[in-house]
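A.B. asks: next input, structure requested:
(one chain, ligands or ions: 1)
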Amino acid sequence: MKQMCLGIAAVTILCMSASMVHSKDKASGEKTFKAKCAGCHGADAAGKPAMKSPSIKGKSADEIQKIVSTSPKHSGLKSLSADKVQGVAAYLATLK
Ligand code: HEC
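C.D. replies: Now for the predicted structure:
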C-alpha cells in the first residue's frame, strides 16, 4: 500500500513538472516569436501579403526547424536553438 502511494505521488510530481515546462516553453516562445517572426508573419502569425509571408499558425517544431535552416528568407535565424524553435511551435499551437 505504501509503495502504491509513493508511485502515485511520483506520477503526480512528474505530470506537474511536465506541464510547468510546457507553459514556460510557451511564454518564452511568444517572446521569440514577437522578436524574430512577427515582423514578417504578423503579430498574430496570420502572414502578411505585402511581405509574401504565409500564415504560420500551428506550424510544428519540425516545420519551423526546416524552414529556418533552408529558406533564404530565414537566413538570419539559423542560430535559433532547438529549444527556441520548440517554444515558438508551442506558442503557434495556441493560435487559432
Ligand atoms: C524576413 C522576413 C521573415 C522573418 C523574420 C520570418 N519569416 Fe517565415 N517566412 C517568410 C516568407 C517570405 C515566407 C514564404 C517564403 C519562404 O518560405 O521562404 C516564410 C515562410 C515560413 C514558413 C513556411 C510556411 C509554409 O506554409 O510553407 C514557416 C514555418 C515560417 N516562415 C516560420 C517562421 C518563424 C517561426 C519565424 C521566426 C523564428 C519566421 N518565419 C521569421 C518571411 C519571414
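A.B. asks: neighbours of the residue lying closest to residue 84 once chain neighbours are set aside, just the number please.
C.D. replies: Using CB to CB, 6 or more residues apart in numbering and skipping the chain neighbours, the partner closest in space to residue 84 is residue 32 (5.0 Å). For every residue, glycine as well, the C-beta is placed using N, CA and C. Neighbours of residue 32 under the rule other CB atoms under 10 Å: 20.
A.B. asks: show me what contacts residue 32?
C.D. replies: 80, 84, 87-88, 91 (CB atoms under 8 Å, 6 or more residues apart in numbering).
A.B. asks: can you do 6 Å?
C.D. replies: Shown in contact with residue 32 (CB atoms under 6 Å, 6 or more residues apart in numbering): 84, 87-88.
A.B. asks: what helix or strand is it on?
C.D. replies: For residue 32, the host element (DSSP states H and E) is helix 2-36.
A.B. asks: give me the helices and strands touching whichever helix or strand comes after that helix, please.
C.D. replies: For helix 2-36, the succeeding helix or strand toward the C-terminus, using DSSP H and E, is helix 38-41. Applying 3 or more CB pairs under 6 Å, 6 or more residues apart in numbering; DSSP states H and E, we find helix 38-41 packed against no helix or strand.
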